[in-house]
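>>> sequence unknown, structure follows:
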């Protein structure tokens, strides 16, 4: 009977889940989203309850262009791999305070905006950003995170911001030597194709930035000193003019005849 009516088997599987996992979305939910829908929701994903009571949410391969709305705050693992995400705006996961693992691999991410991982500092431990289109990183993106990251298979441009960002996190051990610089700020053709960890060992990618900062500081100090000297010269010259005018007035008073009230009355 079951062989003739597969819908009955599916119904029994949904009504009688295994002791360790509970299916929290139906097959109808899995097909509810299409690439034309700009606002996918959590119902478009497969949600599985873990033994500890949290949720593992699978949104893989749904061609999502945005992070789904309405994800449960009980989510501990979120798989958004194999989609069409191109950027992560601020507060993309701010409600997922228990999120431990986040898989964003095999997307089209080229931009991670500061604040996109806001709210995950105390929970997130695993982050997969492999196989995307990331070329640079803003250190503010990973501020406060204590996370192990997979950065492999991205067209990295190794510069000071990249060096500072990587120093804030723990690269996944198996991927450290596979974070390769396709381009860099160092004018040396030998750096192309070199792993970032080796490049940082031999070069300081922030050295040119520090030199520029030092030059700007010196120029600013010189301009400030020049303005101070110019003001002092102007102040001294103005006082000299005032002193000369005062001196001339005193000489005028000294050379003037004494005032006589009688002569004054006669003139009247």
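Structure's in. What do you need? Nothing here was measured: the structure is a model prediction, and the numbers come from that model.

>>> low-confidence regions, the stretch 51-200 of the chain specifically.
167-177, 185-194, 196-200 (pLDDT under 70).

>>> just the strands in it please.
55-58, 75-79, 87-88, 101-103, 111-112, 126-128, 148-150, 156-158, 170-171, 180-184, 194-195 (DSSP state E, counting those that start in this stretch).

>>> and for the closest residue to residue 110 other than its chain neighbours, the neighbour number?
Once flanking residues are discounted, residue 110 sits nearest to residue 133: 4.3 Å by Cβ to Cβ, 6 or more residues apart in numbering. In this view, the C-beta of every residue, glycine as well, is placed from N, C-alpha and C. Using other Cβ atoms under 10 Å as the criterion, residue 133 is surrounded by 13 other residues.

>>> so residue 133 sits against residue 154, correct?
Yes. Residue 133 is in contact with residue 154 according to Cβ atoms under 8 Å; the separation is 6.8 Å.

>>> gap between the residue nearest to residue 110 and residue 54?
When distance is defined by Cβ to Cβ, to the nearest Å, residue 133 is 31 Å away from residue 54.

>>> before we move on, the earlier item: list the contacts for the residue nearest to residue 110?
When contacts are counted by Cβ atoms under 8 Å, 6 or more residues apart in numbering, residue 133 touches 86, 108, 109, 110, 154, 155.

>>> next one: residue 132
By Cβ under 8 Å, 6+ apart, the neighbours of residue 132 are 104, 105, 106, 107, 108, 109, 110, 153, 154.

>>> ok, now how distant is the fifth one from residue 182?
Translated: residue 108. Residue 108 is 17 Å from residue 182, by Cβ to Cβ.

>>> again with the third one
Separation of residue 106 from residue 182 (Cβ to Cβ): 18 Å.

>>> show me which of the two is the more surrounded one.
Per other Cβ under 10 Å, whichever of residue 106 and residue 182 has more neighbours is residue 106, with 18 against 14.

>>> hmm, the more buried one is touching residue 131, no?
Yes. Counting by Cβ under 8 Å, residue 131 is a contact partner of residue 106 at 4.6 Å.

>>> this protein - how does it break down into domains?
Domain segmentation of the chain under automatic domain parsing yields 6-206, 216-267.

>>> still on that earlier bit, if any of the contacts of residue 132 are buried, give me the PyMOL selection for them.
Buried residues among the contacts of residue 132 (16 or more other Cβ atoms under 10 Å), as a PyMOL selection:
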select buried, resi 104+105+106+107+109+153+154
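
>>> brilliant, that's me finished.
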